[in-house]
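[1] any chance you can model this:
(one chain, ligands or ions: 1)
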Amino acid sequence: MAIPCPPFIGSEKLSVESGAMSPSSPSPLILTQDELKKIAAYKAVDFVQSGMVLGLGTGSTAKHAVDRIADLLHQGKLKDIVGIPTSKKTHQQAVSLGIPLSDLDSHPVVDLAIDGADEVDSNLNLVKGRGGSLLREKMIESACKKFIVIVDESKAGGSCWC
Ligand SMILES: O=C[C@H](O)[C@H](O)[C@H](O)COP(=O)(O)O
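    Okay, the predicted model is just below:
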């Protein structure tokens, strides 16, 4: 699914400033749902600081956050991160990207957890776990000081949004 994106996200402004496009004829920037997930996930990772113990979420949205954390570690912009994965899949992804990992036994307090959700309502109630890792998510996300849930607009619809 492709979703029209507001002009403040993306490269349109840069194109206008560089003279590549006339300001009077802006063309809408179309982003896919996965690109929107990536933008939201990268924004969540802005809250990660060096030295943190991180809950690493599961799913197609959280995957982008884990990728971004690994990028920043490799660039030296983040240091001394310890990740606690919420699923076997995320564990495998983090290992493949070289993110140092631990568990709740060794790190019972998690500074920040970042994860997706299946649905969110206007009171920020969440439906989670359709990716199959609800138990580990609940354990790790209950132990965190701060929990960032990343959702694109497709998660805000449905019966619980009132
Ligand atoms: O068990 C799965 C998790 O709760 C996911 O965070 C949730 O299902 C959302 O996944 P996705 O980002 O792939 O929509």
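
[2] next helix or strand past the one helix or strand in the chain whose mean pLDDT sits lowest?
    One helix or strand of the chain scores below all others by mean pLDDT, DSSP states H and E: helix 12-17, with a mean of 37. Using DSSP states H and E, the helix or strand that follows helix 12-17 towards the C-terminus is strand 29-32.

[3] chain center to whichever helix or strand comes after that next one, what's the gap?
    Later in the chain than strand 29-32, the nearest helix or strand by DSSP H and E is helix 33-45. Taking the mean of its C-alpha atoms, helix 33-45 sits 6 Å from the chain's own mean (Cα atoms, centre = their mean, to the nearest Å).

[4] could you pull out the strands for this protein?
    Using DSSP state E, the strands of the chain run over 2-5, 29-32, 53-56, 82-85, 110-116, 119-120, 126-127, 144-150.

[5] mean neighbour count, those strands: which tops it?
    Among those, strand 53-56 has the highest mean neighbour count (mean count of other Cβ atoms under 10 Å), at a mean of 27. From N, CA and C alone the C-beta is placed, and that goes for glycine too.

[6] what's the closest non-adjacent residue to residue 124?
    Sequence neighbours aside, residue 149 is the residue nearest to residue 124 in space, at 8.0 Å (criterion: Cβ to Cβ, 6 or more residues apart in numbering).

[7] residues in the protein within reach of the ligand, list them.
    Proximity of the chain to the ligand (Cβ under 6 Å from any ligand atom) is limited to residues 57-62, 115-118, 128-134, 137.

[8] of the residues you listed, buried ones?
    57-59, 61-62, 115-117, 128-129, 131, 133, 137 (16 or more other Cβ atoms under 10 Å).

[9] next step: those residues restricted to helices.
    Among these, the residues falling in helices (DSSP state H) are 62, 137.

[10] and the buried ones among the residues of the chain next to the ligand, which is the shakiest by pLDDT?
    For those, the least confident position by pLDDT is residue 131, scoring 78.

[11] contacts only, for that one.
    When contacts are counted by Cβ atoms under 8 Å, 6 or more residues apart in numbering, residue 131 touches 58-59, 87, 116.

[12] just residue 50 next, same as before
    78-81.

[13] name the nearest residue to it, ignoring sequence neighbours.
    Spatial nearest neighbour of residue 50, excluding adjacent residues (Cβ to Cβ, 6+ apart): residue 79 at 4.4 Å.
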